[in-house]
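Enquirer: Have a look; sequence and predicted model below, questions after that.
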Amino acid sequence: MAEQHSVPRHIAIVMDGNGRWASKRFLPRIAGHNKGVETLKRIVSACPSRKIDTVTVFAFSSENWNRPVEEVSGLMDILAMALSREVPKLQRDGVRLRFIGSREGLSARVKKGLEDAEAATASNSVLSLNVCFNYGGRWDIATAAARLAASGTPITEESLSQALSLAFCSDPDLVIRTGHEMRLSNFLLWQTAYSELYFSELLWPDFDEAALDAALLDYASRERRFGKTSDQLSGNSAAKA
Ligand code: IPE
Ligand code: IPE
Ligand code: MG
């Protein structure tokens, strides 16, 4: 069972609202996605001083392939460009980058970019940045279950957890979704069983350090009970009966 901390160690973010941010400015949606990369850089830089050691972001869902072809190819270009530009800075800041999701359907150029970035940052340890790209929570669970079945491993909560793509880190303590939508949209379905959820009305390109701090303050006021009672958590034995 996770220990209670007032600061989340692992935050997960559904970076939503790029398209609306651009439309409000009569810009193409891709301009919103470019601006979203700037926000991500800012938020990642802000994490270590706030004692966050893992950030998992949702960058492209399994269902985002259903968007217009120009938007999908624009997103692939943004990823490839951001990788070639940003890896040296991640390196300097000690950020370890991992891409979580299916590699199927990605071009050879994008796949190589992901692999090179992962390899270049593999020994960094200040912050773990997991980018969910071509990711869906259902894909994650189904892939893990299929792998266990193929190897004849009994499927239990423990074995399935260990076969999921984020098995190397703890579950997210806090999930932030920007863009004023109150849903998970197939993000980390298994791992968020006991995460605290926080919804921001801000569009992702407008999210900043102050907005992050507001989410962290809200998190600090939550009582994570994991099924227990409040009295059990406070050690109030008189109220046990
Ligand atoms: C999130 O922003 C980024 C991706 C899904 C790639 P959107 O593109 O979904 O922005 P809105 O929700 O249309 O404003
Ligand atoms: C979720 O946002 C996916 C990412 C942020 C990458 P969407 O914009 O795709 O979600 P829906 O379609 O509004 O549920
Ligand atoms: Mg959206």
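Expert: Received the coordinates, thanks. Ligands and ions are numbered 1, 2, ... in the order given.
Enquirer: Now do stretch 99-116: everything it contacts.
Expert: Contacts to stretch 99-116, defined as C-beta atoms under 8 Å, 6 or more residues apart in numbering, come from residues 56, 60, 62, 65, 76, 79-80, 83-84, 87, 117-118, 130-136, 139-140, 143, 165-166. In this view, the C-beta of every residue, glycine as well, is placed from N, C-alpha and C.
Enquirer: Kindly recompute the last result at 10 Å.
Expert: 56-62, 65, 72-73, 75-77, 79-84, 87, 97-98, 117-118, 129-136, 139-140, 143, 164-166, 188 (C-beta atoms under 10 Å, 6 or more residues apart in numbering).
Enquirer: From E115, how far off is A108?
Expert: Look at A108 and E115: by C-beta to C-beta, to the nearest Å, they are 10 Å apart.
Enquirer: Next: E63.
Expert: Distance, E63 to E115, by C-beta to C-beta: 24 Å.
Enquirer: For this protein, name the helix or strand with the lowest mean pLDDT.
Expert: Averaged element by element with mean pLDDT, DSSP states H and E, the chain has its least confident helix or strand at helix 230-234 (a mean of 93).
Enquirer: residue in this protein nearest to ligand 1?
Expert: Closest residue of the chain to ligand 1, C-beta to the nearest ligand atom: G19 (2.8 Å).
Enquirer: So for A108 and E115, which sits in the more crowded spot?
Expert: E115 (12 against 7; other C-beta atoms under 10 Å).
Enquirer: For that one, give its distance to E104.
Expert: In terms of C-beta to C-beta, E115 sits 15 Å off from E104.
Enquirer: Which element, helix or strand, includes the spatially closest residue to K41 that is not a sequence neighbour?
Expert: Sequence neighbours aside, E86 is the residue nearest to K41 in space, at 6.9 Å (criterion: C-beta to C-beta, 6 or more residues apart in numbering). Per DSSP states H and E, E86 falls inside helix 69-93.
Enquirer: Quick check: neighbours of the helix or strand following that helix in the sheet, parallel or antiparallel?
Expert: Downstream of helix 69-93, the next assigned helix or strand under DSSP H and E is strand 95-100. In the sheet, strand 95-100 lines up against strand 127-135 (parallel) (DSSP bridges).
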